[in-house]
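In: Requesting a structural model of the entry that follows:
(one chain, ligands or ions: 3)
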Amino acid sequence: MKTQTKANILSTVLLAGLVTTTAWAATPVLTDTDNDGVISAEEIQAAREQAKAARLTQFDTDGDGTLSDDEKSAMKEARKAERLSLNDTDGDGRLSRAERRAAKAARRAAIETQLDVNQDGVVSDAEGAGFDQIREERKGRKHGDRKGKRQSRDTE
Ligand SMILES: [Ca+2]
Ligand SMILES: [Ca+2]
Ligand SMILES: [Ca+2]
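Out: Ligands and ions are numbered 1, 2, ... in the order given. Below you'll find the model as predicted:
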């Protein structure tokens with residue numbers, strides 16, 4: 001007999017399984033490289049670097065190893081178009097607030113699926129620690145990191 005909470009998390013994960021391949025092709029693929037059972041902050045960072053490198057290869061049209069302004073704007077357009085085509089549920093050509101919110105939730109779910117290394121349907125504290133660390137670092141850079149943690153826990 002499973003607890004209610006666990007059932008909820010499981011259905012979220014199930015949903016994420018459907019969206020990872022389609023809705024968020026841009027989500028970095030997180031790998032437990034050192035096989036210690038958790039995705040560490042370093043492993044997330046590595047995935048980011050890899051995604052960045054892949055982006056560079058894809059959009060560095062003239063192959064000079066950097067993205068010019070033109071190439072950058074081409075990349076932005078492409079990502080915008082991709083995001084739109086994947087998340088514009090009602091097909092009106094723009095992302096409504098609800099569609100944006102759904103996209104964000106799907107992305108979060110996709111990340112959680114990847115963090116759940118032992119695939120038991122729950123992101124344990126240990127499994128989530130690396131991601132939390134990165135999230136806190138980013139948040140600290142943008143604006144003070146006061147209520148962030150409690151809030152994200154409530155929306156889970
Ligand atoms: Ca690891
Ligand atoms: Ca729309
Ligand atoms: Ca887990």
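In: and the protein, which of its residues are near ligand 3?
Out: Where proximity means C-beta under 5 Å from the ion, the interface of the chain facing ligand 3 comprises 116, 118, 120, 122, 127. No exception for glycine: its C-beta is placed from N, CA and C like everyone else's.
In: Could you pull out the helices in the chain for me?
Out: Listed in chain order, the helices found in the chain under DSSP state H are 4-19, 41-59, 69-87, 97-115, 125-142, 148-155.
In: Next, the angle helix 41-59 makes with the third one.
Out: Looking back up the chat, that one is helix 69-87. Going by axes from the mean of the first three to the mean of the last three C-alpha atoms, to 10 degrees, helix 69-87 is angled at 110 degrees with respect to helix 41-59.
In: Report the buried residues of helix 69-87.
Out: With burial defined by 16 or more other C-beta atoms under 10 Å, the residues of helix 69-87 counted as buried are 71, 75, 83, 86-87.
In: Among these, which one lies nearest to ligand 2?
Out: When the buried residues of helix 69-87 are ranked by distance to ligand 2 (C-beta to the ion), Asn87 comes first, at 7.8 Å.
In: Could I get the pLDDT score of the residue lying closest to that closest one once chain neighbours are set aside?
Out: Distances taken as C-beta to C-beta, 6 or more residues apart in numbering place Ala103 nearest to Asn87, at 4.1 Å, with adjacent residues excluded. Residue-level confidence at Ala103 comes out at 93, pLDDT.
In: For Ala103, grab the count of nearby residues.
Out: The number of residues packed near Ala103 is 20, by other C-beta atoms under 10 Å.
In: swap in the one 10 residues further on?
Out: A total of 21 residues lie near Thr113 under the criterion other C-beta under 10 Å.
In: Ala126 too?
Out: Using other C-beta under 10 Å, Ala126 has 13 other residues around it.
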